[in-house]
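**Student:** have a look; sequence and predicted model below, questions after that.
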Amino acid sequence: MGKFLAPPAFKPERTGPEADAEYRRLRWQVFIGIFIGYAGFYLVRKNLSMAIPMLEPFGFTKGEMGTVLGMNALAYGISKFVMASISDRSNARRFLPLGLILSAAAMAFMIVPIHFFKDQKGLAILLMGVFNFLVGWFNGMGWPPCGRVMTRWFSIKERGTWMSVWNCAHNVGGALVGPMAAYGAIWFGSWFYGNDEKMYFLIGTYAFPAAVAVLIAIIAYVLIRDTPQSCGLQSIEKWSGSASKNYDEKKSEQTLKIKEIFKIVLSNKFLWFIAFANSFIYMVRYGCLDWAPTILSDHGVDIKSAGWAYFAYEFAAIPGTIFCGWLSDKVFKGRRAMPTMLFMALIIIAIIIYWQNLGNLWVVVGCLIAIGFLIYGPVMLIGVQALDLAPKNAAGTAAGFTGFMGYVLGTFLLANSLLGFVADKWGWSWVFILLMIACVLAIFFMALTYKEEQYLVADRKGEHLPKKEENIEEKTEE
């Protein structure tokens, strides 16, 4: 496996008009590859959310399913951190498709607990938890190679814009889960279960998306290239003429030891601040997304309408993410805290309206669209900050660390386990109250980063940094 994933050797460097043309072409090619590839991961990621309403007639409670749902987030959070350190030392062209194929296989096996053991509730829950854990673990192989590609093919001055567009990949993939679950069951359910319609959801929710994900993995492998140097081209810093302050041509192009990568990441105070903020942002993100089909079903909405509400939430994130990236770069001059706090404050308003109008499908869908539009910008900005803060050969691990906090604390413990328990014991009103508290805490932790991120503004302007910020950066490099 080590040799299979090892980064390809650098080829002799070429320059000139032909090399520049190839550079431009390959940048678009690898971008499309990681966009399509990452979208594929979201076809086989949170599918259990769509299945929960269909599982209740079999006797599974929201609390039980919340725990199973949380296994995915727990595994993903740990894996994203662990796999990021491996990805920083691996060939992105092979790493990403491998993770996607393994994710698809684990998702297909989610059929097993209900197909064979629906009458043995304890065993079925255990198997669902195991397979959903594996889905989350293998999904952790998706983001890090994309971060690796971003830092090697796109310069720091353009990375925010490119990443805001690329970040929409998970919305494209996530938006398709709802319709695929509904129509996959309609199109293919009878092939496997005849007239037993209550089992059709297994095909639409699990098998159909898994098959499509394998096809996408093949396409991603064809398109992605690991580094410009492996294609005989210059580093992005040489080619673009711009580099981050912590870039050192000799050090940043080397493959670091895992211990060195962790030291760089964990000694950065700013990363800890945004990691805690990310936890509460993810609580809101998945608290709204994962429980939306169940909330709607509890209020008399059919599964097809719930699926389209799920679609609307994800699809609205595309313009919202791009707008937030533009706002951060152009209006706030590289500062990420202010737009994040602004968007989280607006989400509080949308949650209140959502809560008070659960009986009105159109108002609920409108609120989900608003939350989807607003929440993914902050998610994206934290990823950009993590890449900017760390050297390029530790960038994946830096983003993996913030993701670890987002998924383990924010999603597994808070959005899935806590909210599922609260919904069962005290009802949906308390769920909405906790979501609003999470917004306030996210704003608080981002406010703590405001002064710390000023060096990013100076770096983008090419100015010398104040002595304090220079010392912070030097500590990060050590």
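**Tutor:** Yes, it's here. Quick caveat: nothing in here was measured; it's all calculated off a predicted structure.
**Student:** so where's the stretch 351-478 of the chain shaky on pLDDT?
**Tutor:** Under the criterion pLDDT under 70, the flagged ranges of the stretch 351-478 of the chain are 388-395, 452-478.
**Student:** ok, and the closest non-adjacent residue to Ala220?
**Tutor:** Gly37 (3.3 Å; C-beta to C-beta, 6 or more residues apart in numbering). C-beta coordinates here come from the backbone N, C-alpha and C atoms, glycine included.
**Student:** next structured bit after the helix or strand hosting the one you found?
**Tutor:** Using DSSP states H and E, Gly37 sits in helix 17-43. Counting by DSSP H and E, the element after helix 17-43 in chain order, helix or strand, is helix 48-55.
**Student:** if we can go back for a sec, tell me the buried residues in the helix holding Gly37?
**Tutor:** For helix 17-43, the neighbour count (16 or more other C-beta atoms under 10 Å) marks 19, 22-23, 26-27, 30-31, 33-43 as buried.
**Student:** surely the residue nearest to Ala220 touches Cys146?
**Tutor:** Yes - Gly37 lies in contact with Cys146 (C-beta atoms under 8 Å); the separation is 7.5 Å.
**Student:** report the set of residues contacting both of those two.
**Tutor:** Common contacts of Gly37 and Cys146, defined by C-beta atoms under 8 Å, 6 or more residues apart in numbering, comprise Leu96.
**Student:** check which helices and strands whichever strand or helix holds Met283 sits against.
**Tutor:** Here Met283 sits within helix 269-298, counting by DSSP H and E. Contacts defined by 3 or more C-beta pairs under 8 Å, 6 or more residues apart in numbering; DSSP states H and E place helix 269-298 against helix 48-55, helix 62-87, helix 303-326, helix 337-356, helix 361-389, helix 395-404, helix 419-426, helix 428-447.
**Student:** return the fourth one as PDB; C-alpha atoms alone will do.
**Tutor:** Output in PDB follows, covering the C-alpha atoms of helix 337-356 (Å, rounded to 0.1, in the frame of the first residue of the first chain):
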ATOM      1  CA  ALA A 337     -14.000  36.200  11.100                       C
ATOM      2  CA  MET A 338     -16.300  39.000  10.200                       C
ATOM      3  CA  PRO A 339     -18.200  37.300   7.300                       C
ATOM      4  CA  THR A 340     -18.500  34.100   9.400                       C
ATOM      5  CA  MET A 341     -20.000  36.000  12.400                       C
ATOM      6  CA  LEU A 342     -22.400  37.900  10.100                       C
ATOM      7  CA  PHE A 343     -23.600  34.700   8.400                       C
ATOM      8  CA  MET A 344     -24.000  32.900  11.700                       C
ATOM      9  CA  ALA A 345     -26.100  35.800  13.100                       C
ATOM     10  CA  LEU A 346     -28.400  35.600  10.100                       C
ATOM     11  CA  ILE A 347     -28.800  31.900  10.600                       C
ATOM     12  CA  ILE A 348     -30.300  32.500  14.100                       C
ATOM     13  CA  ILE A 349     -33.100  34.500  12.400                       C
ATOM     14  CA  ALA A 350     -33.700  31.700   9.900                       C
ATOM     15  CA  ILE A 351     -33.800  29.000  12.700                       C
ATOM     16  CA  ILE A 352     -36.400  31.000  14.700                       C
ATOM     17  CA  ILE A 353     -38.700  31.300  11.600                       C
ATOM     18  CA  TYR A 354     -38.200  27.600  10.900                       C
ATOM     19  CA  TRP A 355     -39.100  26.700  14.400                       C
ATOM     20  CA  GLN A 356     -42.200  28.800  14.600                       C
END
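**Student:** ok, and for that helix, which residues are buried?
**Tutor:** Buried residues in helix 337-356 (16+ other C-beta under 10 Å): 337-344, 346-348, 350-351, 354-355.
**Student:** need the worst-confidence member of these.
**Tutor:** Within these, the minimum per-residue pLDDT falls on Ala337 (82).
**Student:** isn't that residue right up against Phe444?
**Tutor:** No - using C-beta under 8 Å, Ala337 is not in contact with Phe444, being 11.0 Å away.
**Student:** on that earlier part again, ok, the buried residues of helix 337-356 vs Phe4, which is closest?
**Tutor:** Thr340 (38.8 Å; C-beta to C-beta).
**Student:** surely that closest one touches Phe444?
**Tutor:** No - contact criterion C-beta under 8 Å: Thr340 and Phe444 do not qualify, at 11.5 Å.
**Student:** could you report the neighbour count for the closest residue to Met50 other than its chain neighbours?
**Tutor:** Among residues not flanking Met50 along the chain, Ala181 sits closest, at 4.3 Å (C-beta to C-beta, 6+ apart). As a burial measure, Ala181 scores 29 neighbours (other C-beta atoms under 10 Å).
**Student:** tilt between the helix or strand that contains Ala181 and helix 303-326?
**Tutor:** Element membership for Ala181 (DSSP H and E) is helix 169-193. Counting by axes from the mean of the first three to the mean of the last three C-alpha atoms, to 10 degrees, helix 169-193 lies at 160 degrees to helix 303-326.
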